[in-house]
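*Asks:* Structure, please.
(chains A and B)
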Protein chains: 2
Amino acid sequence: MYAAPAIQKLLDELERLPGVGPKSAQRIAYWILNADRATALRLSEAIAEVKETVRFCSRCFNYAEGELCDICSSAKRDHGIICVVSEPRDIPPIERTAVFSGVYHVLGGALSPMEGIGPNDLHIAELMKRLAAEEVQEVVLATNPNVEGETTASYLARLIKPLGIAVTRPASGLPVGGDLEFADEVTLGRAIEARRPL
Amino acid sequence: MYAAPAIQKLLDELERLPGVGPKSAQRIAYWILNADRATALRLSEAIAEVKETVRFCSRCFNYAEGELCDICSSAKRDHGIICVVSEPRDIPPIERTAVFSGVYHVLGGALSPMEGIGPNDLHIAELMKRLAAEEVQEVVLATNPNVEGETTASYLARLIKPLGIAVTRPASGLPVGGDLEFADEVTLGRAIEARRPL
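*Replies:* Below you'll find the predicted structure:
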């Protein structure tokens, strides 16, 4: 398509973003062209800044702006409960629930023999070091409820249980507000198995 | 939600973009965090560069990197046919059809009594000056096929016809009420080829 070179370059870069196709890239590019200079530059700088300032927390491998992330360096968090997740992006949804006050450990992926991802490709050794050094009472294995996540959780449970630390996993069940009619069999089966007295 | 300040700032800026809600902003932010530095900075710089280098063509009001846009300054284009559009974003879809070899004139909007947009708010005086100064045989009124676009086309047709210049409009075939920007190439190409005098 025709576009001034600078616009074409912007379109090319925007199209790399996840969920952004040629039409959305065009909408966004024209929005940027129409936006006032300050607004557009704030976006440009926010992208550059995030690459300058954000690195991995040396303890839990969440994104951090200092040596430790805000959660690891907080005295208000319960450092005796570690929630293990696959990726940093899994942390904000858990934080939004406001029911977890412990700390995290990010594995950086999940075990997947299909993709050749083994224990040494994840931050598992670092987790085990934390469990040896810190006083931890419970590890919550909040990997994704899919094949790789379940495999990873089972693997970690086998490693951690012998240390005498409680190992838990978030309950599988029906989504709140969802329709039983539309639940998939596996979810519904697990929900029934995990039924609790009222 | 919890996020490091630099990430939160990026999320805030991303959420301003058209078609980008909180979930897409998060997906894009994590993509940027995971991307290699060079890729992320190319996006950041493309945004800044477009605001530095792109301005309006002094003749047709399309986006341009110099005094004139590439189309106005091209000797390969037929400067005797001017296609009038509402916005710069309407030009790429017409260029993609490859059936139009003339030049453009961007109005910067469409007449809308509802929104208080009158002839003096659009680049109509500049269009009339071009028609007086340049040798123009035909004006194609490719404003959007909606109320404002039709109103604008009728208004311009009444102004231009007395000058003895042919005035045409892309054939109906474009979905009425739709946006020219989102028309598919074949429909738009056929509509332009089948343009008829008003």
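*Asks:* List the buried residues in the worst-scoring helix or strand of chain A on mean pLDDT.
*Replies:* Ranked by mean pLDDT, DSSP states H and E, the weakest helix or strand in chain A is helix A:185-193, scoring a mean of 76. Of all the residues in helix A:185-193, those buried under the rule 16 or more other C-beta atoms under 10 Å in any protein chain shown are A:Leu188, A:Ala191. From N, CA and C alone the C-beta is placed, and that goes for glycine too.
*Asks:* likewise stretch A:145-157?
*Replies:* Residues of stretch A:145-157 classed as buried by neighbour count (16+ other C-beta under 10 Å): A:Glu148, A:Gly149, A:Glu150, A:Thr152, A:Ala153, A:Tyr155, A:Leu156.
*Asks:* repeat for stretch A:123-133
*Replies:* The neighbour-count check on stretch A:123-133 (16+ other C-beta under 10 Å) flags A:His123, A:Ile124, A:Glu126, A:Leu127, A:Arg130, A:Leu131 as buried.
*Asks:* would a markdown table of those with pLDDT be doable?
*Replies:* Shown next, in a markdown table, are the buried residues of stretch A:123-133 (pLDDT from 0 to 100):
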| residue | pLDDT |
| --- | --- |
| A:His123 | 97 |
| A:Ile124 | 97 |
| A:Glu126 | 97 |
| A:Leu127 | 97 |
| A:Arg130 | 97 |
| A:Leu131 | 96 |
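*Asks:* Out of the residues you listed, which two are the most distant from each other?
*Replies:* A:His123 and A:Leu131 (12.4 Å; C-beta to C-beta).
*Asks:* Break down chain A into its strands, ranges please.
*Replies:* With DSSP state E, the ranges of strands along chain A come out as A:55-56, A:63-64, A:78-85, A:102-106, A:138-141, A:166-168.
*Asks:* Which one, of those, ends up nearest to A:Gln26?
*Replies:* Per C-beta to C-beta, nearest to A:Gln26 of the strands of chain A: strand A:63-64, 30.5 Å.
*Asks:* and that closest one, anywhere near chain B?
*Replies:* Yes. Using C-beta under 8 Å from any C-beta of the partner chain, strand A:63-64 comes into contact with chain B via A:Tyr63, A:Ala64.
*Asks:* So what touches that strand?
*Replies:* Strand A:63-64 has contacts (C-beta atoms under 8 Å, 6 or more residues apart in numbering or on different chains) with A:54-58, A:69-70, A:72, A:88, B:3-4, B:7, B:33.
*Asks:* Please check the residues you listed and keep the buried ones.
*Replies:* Of the members of the contacts of strand A:63-64, the ones counted as buried by neighbours, 16+ other C-beta under 10 Å, are A:Val54, A:Phe56, A:Cys57, A:Cys69, A:Asp70, A:Cys72, A:Pro88, B:Ala3, B:Ala4, B:Ile7, B:Leu33.
*Asks:* Any regions of chain A where pLDDT drops low?
*Replies:* Residues of chain A that meet the criterion pLDDT under 70 lie in A:1-2, A:178, A:196-198.
*Asks:* Farthest pair within the buried ones among the contacts of strand A:63-64?
*Replies:* Farthest-apart pair in the buried ones among the contacts of strand A:63-64 is A:Cys72 and B:Leu33; separation 17.7 Å (C-beta to C-beta).
*Asks:* Quick check: buried residues in stretch A:160-174?
*Replies:* Neighbour counts over stretch A:160-174 (16+ other C-beta under 10 Å) mark A:Ile160, A:Val167, A:Arg169, A:Gly173 as buried.
*Asks:* Among the buried ones among the contacts of strand A:63-64, name the ones in helices.
*Replies:* Under the assignment DSSP state H, the buried ones among the contacts of strand A:63-64 contribute B:Ile7, B:Leu33 to helices.
*Asks:* now the buried ones among the contacts of strand A:63-64 in TSV, with distance to A:His79?
*Replies:* TSV is the format used below for those (distance: C-beta to C-beta, whole Å):
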residue	distance to A:His79
A:Val54	23
A:Phe56	19
A:Cys57	13
A:Cys69	13
A:Asp70	14
A:Cys72	8
A:Pro88	19
B:Ala3	21
B:Ala4	19
B:Ile7	23
B:Leu33	25
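*Asks:* Much appreciated, bye for now.
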